[in-house]
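K.L.:
This is the structure alone, sequence omitted:
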């Protein structure tokens, strides 16, 4: 009699099937042998005959058994049955070794690749200076939720299929208008490719343009997303230092010809400098001479506190040299994964085709909601309101740092955006972990800026976001940061 | 006096700014010259002094002018100002030529790359046999819309930040349970990487594993998404024909070692064959010997009409050779861009890091809604209900084709899924466009299966989806298809 251990959980017919299958694979039922009739097995197992018939049918469909009319059900006779299970986890060395692509090898070798590593924990700290783009404005989120609900209901009445790879026509139309009004951009809606946040824009650009070994110019410091993308694609990276006016373009000119230059001219990330016209023109001139594509990452050009937003580099471009990248994640909330790339006319086709290959298209629902949000005027309303609110928070942060830390801190790049770079020149970089612990104990979340550097600074440098904290939490948070710093000073003998 | 043409539309201060900026860039205002005082220019233009101050401030922030205290505002003196505008659209030949990556070159050269070309038009035809995965079930979509609304509201109260690159923990947990119950998959939630539909899963896998020139095995015919991905990455593709039992694995064994084999064993796309155990084992054995990764694309394994769903290949894998891909787009609706890759343990890290590089993470909202949908039992309820409904539609389709077209049509692969391959052996492939026109005139949408073939068949072959049409629309649609075919026959002299 056939010994079958039935799984007591789950539907009975699946249990019978699974038990038979395991017995065949483990050669407890001999290949070529005849199975009991369904009636007999049902009686043996104390189950209904239909249960057994189900199992036999399934096994036959999957090729474990075959039914011979008028004769019965036989286990297939294949030398391979059983052998699979015997070969558990062979060593990968030797002939059967799996080989990765060179990108795969780079990803596997360098465990440090992949940004945001240190910064992805999610403590619910009352004074969390995480940089996660804009803060969450209740009014905005309520409007957003309402628009989402409306679109979800209308999609349930008249569902849409796939969107074109470049993005939904509604959103591209709305974005072209917004970008022209708010950022001085000149483009046709067809030049816009909607992406999954600006990260996908970066990845698509680099895939289109950069081969392993190619030269790419990146600001130092820079957004960590560039670092891991560029390492992954094997680019030869030249880091160009920034000053208070963004990337030092004078130094670029001396570099050998690069295929791509990645810049944040409206608001250097993370140091906050704004690139003046002279440097912009020089950059475009150099790029034109060398056939270099300039990747303009305008991740939060909307949030400038001193004076109105600066127009983007793309608006100065006469030679189709600039690919412009923007994102809604920074403006609205990080969970929204929508960005946009504006490609020069002669790259639009290749860009769209690569997007189709990368993921076909971006989710309809949020594309349509963002289109509604823009064409309803909500985005510009949100930006105006948020800018005012962030200005108040920024002042609280700047004044707090000044009064609590004085000369112990250097604050860089708070004239725009929703974050600042906070350097603590007296504290060696090696003390960061201790400072973070001391801060955590006081309910303060701090984040190292190290992953923005190819050559991290010797002192502790923090990437501090203040936009999502209320004024009072900023003031108290900065005081507690000072207390944490003091507590370190006492134990290490550094100045109090 | 300064001549400025103010744009009559838009806010006045922007107009003054834009007019000054254009005058500087075009060298109508001489570099180094002093601008009129804000009071004087305001009087000249008949605008308020604040309007002019705004424009000057903005121009200073962007580096077009500089303010010298006690002296006035001066246009910066840079040899580059003006030169940019002079260099309109130079020829790209010569030193300044932009160079693409080899992938970029392949994408630019081969205009045919990028699947779904012929199939993306959106006529609202009453009898549209578009293959777009599952049909839209009203009950399902209503539940979905409700869950979306709920999550959107709760996100507006407690917004989330970025998700981990591998996907939201809630969704991966829910998916691991679902895949084990419904598809026999064994995996830890951490092995799952949530993707933008299965297309992103394919792209990530190929990027990790395949280098230009590497050998990849693909079924013939196959899902068009593979074709464009593989051409883009420069793979050497070996097409292996399929029969009623899926890919003819016997032929694979004779191929030279491949890095990757892309298969649809549960339901060959588009011919519908189910791969029996013997071939599955042989495939795994070959793959083990050659270190080949098997990409199991289980795009609609849930919808099998004759008997229960077939368990997936991954469940037979003992050597970490299989990467399993699935998608919610086929099960629910195409606009939902969520898929999943289940990676072997030793590839999980590289996979997640590549996802972080590709687009950081997938949108939170839909991930969380899908998690709710699965853990609330809605997905399995939907699949059960949809399977019954599709069976009815399938019967209507099969019987319609049989009675209307008889021997003029060959129907392949309708035992599972939501589509069939419909070959019209009497109609040469060159007549497809005429047939489509004749169909369109009758409100019938048809789609060529050619893009699924490396070597398209000589007769017309249609990829026909029936799941989103009501029974009656199918019956009438098939009749009208026959009428369209007859109308061609008359004009061409082919059999009526």
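P.N.:
Looks like it arrived, so ask away. Just so it is clear, the structure is predicted and the values come from calculations on it, not from any experiment.

K.L.:
count of residues packed around residue A:373?
P.N.:
26 (other Cβ atoms under 10 Å in any protein chain shown). Every C-beta, even on glycine, is put in place using the N, C-alpha and C of the backbone.

K.L.:
The helix or strand containing it packs against which elements?
P.N.:
Here residue A:373 sits within helix A:364-375, counting by DSSP states H and E. Counting contacts by 3 or more Cβ pairs under 8 Å, 6 or more residues apart in numbering or on different chains; DSSP states H and E, helix A:364-375 packs against helix A:138-157, helix A:169-183, helix B:364-375.

K.L.:
Of these, flag the one that's most buried.
P.N.:
Compared across those, helix B:364-375 shows the largest average neighbour count, a mean of 24 (mean count of other Cβ atoms under 10 Å in any protein chain shown).

K.L.:
In space, what's closest to the residue of the stretch 251-400 of chain A found nearest chain B - neighbours in sequence excluded?
P.N.:
Per Cβ to the nearest Cβ, residue A:276 is where the stretch 251-400 of chain A lies closest to chain B, at 2.6 Å. Once flanking residues are discounted, residue A:276 sits nearest to residue B:63: 2.6 Å by Cβ to Cβ, 6 or more residues apart in numbering or on different chains.

K.L.:
and the one you found, that one's in a helix?
P.N.:
No. Using DSSP: H, G, I helix; E, B strand; the rest coil, the secondary structure at residue B:63 is coil, not a helix.

K.L.:
Ends of stretch A:150-166, what's the gap?
P.N.:
End-to-end distance of stretch A:150-166: 24 Å, with Cα to Cα, to the nearest Å as the criterion.

K.L.:
okay, residue A:385: pLDDT?
P.N.:
Per-residue pLDDT puts residue A:385 at 87.

K.L.:
Most distant residue from the centre of chain A?
P.N.:
Here chain A reaches farthest from its C-alpha mean at residue A:70, the gap being 60.4 Å by Cα atoms, centre = their mean.

K.L.:
And what about that one, helix, strand or coil?
P.N.:
Strictly by three-state DSSP, residue A:70 counts as coil.

K.L.:
count of neighbours near residue A:236?
P.N.:
Residues lying near residue A:236 (other Cβ under 10 Å) number 14.

K.L.:
can you pull the contacts of residue A:350?
P.N.:
Residue A:350 sits next to A:208, B:100, B:104, B:107-108 when contact means Cβ atoms under 8 Å, 6 or more residues apart in numbering or on different chains.

K.L.:
so the helix or strand harbouring it versus helix B:348-359, what angle?
P.N.:
If you go by DSSP H and E, residue A:350 is part of helix A:345-359. Angle, helix A:345-359 to helix B:348-359, by axes from the mean of the first three to the mean of the last three Cα atoms, to 10 degrees: 150 degrees.

K.L.:
What is the distance between helix A:345-359 and the centre of its chain?
P.N.:
19 Å (Cα atoms, centre = their mean, to the nearest Å).

K.L.:
Residue in the stretch 51-200 of chain A with the shortest distance to chain B?
P.N.:
Counting by Cβ to the nearest Cβ, the stretch 51-200 of chain A gets nearest to chain B through residue A:63 (2.6 Å).

K.L.:
got a pLDDT number for that residue?
P.N.:
pLDDT for residue A:63: 79.

K.L.:
Residue A:490 too?
P.N.:
Looking at residue A:490, its pLDDT is 63.

K.L.:
Name the secondary structure element that contains the closest residue to residue A:355 other than its chain neighbours.
P.N.:
Leaving out its chain neighbours, the residue that sits closest to residue A:355 by Cβ to Cβ, 6+ apart is residue A:165, at 4.6 Å. Counting by DSSP H and E, no helix or strand carries residue A:165.

K.L.:
ok, residue A:165 - how many residues close by?
P.N.:
Counted with other Cβ under 10 Å, residue A:165 comes out at 24.

K.L.:
and if you look at residue A:69?
P.N.:
Look at residue A:69: counted by other Cβ under 10 Å, it has 5 neighbours.

K.L.:
what do you get for the one 5 residues further on?
P.N.:
Using other Cβ under 10 Å, residue A:74 has 16 neighbouring residues.

K.L.:
partners of it in the sheet?
P.N.:
The partner list for residue A:74 in beta bridges (DSSP bridges) reads residue A:34, residue A:66.

K.L.:
give the contact list for the closest residue to residue A:375 other than its chain neighbours.
P.N.:
Leaving aside its sequence neighbours, residue A:375 sits nearest to residue A:174 (Cβ to Cβ, 6+ apart; 4.8 Å). Each residue near residue A:174 by Cβ under 8 Å, 6+ apart is listed here: A:370-371, A:374-375.

K.L.:
Nice, that's everything, thank you.
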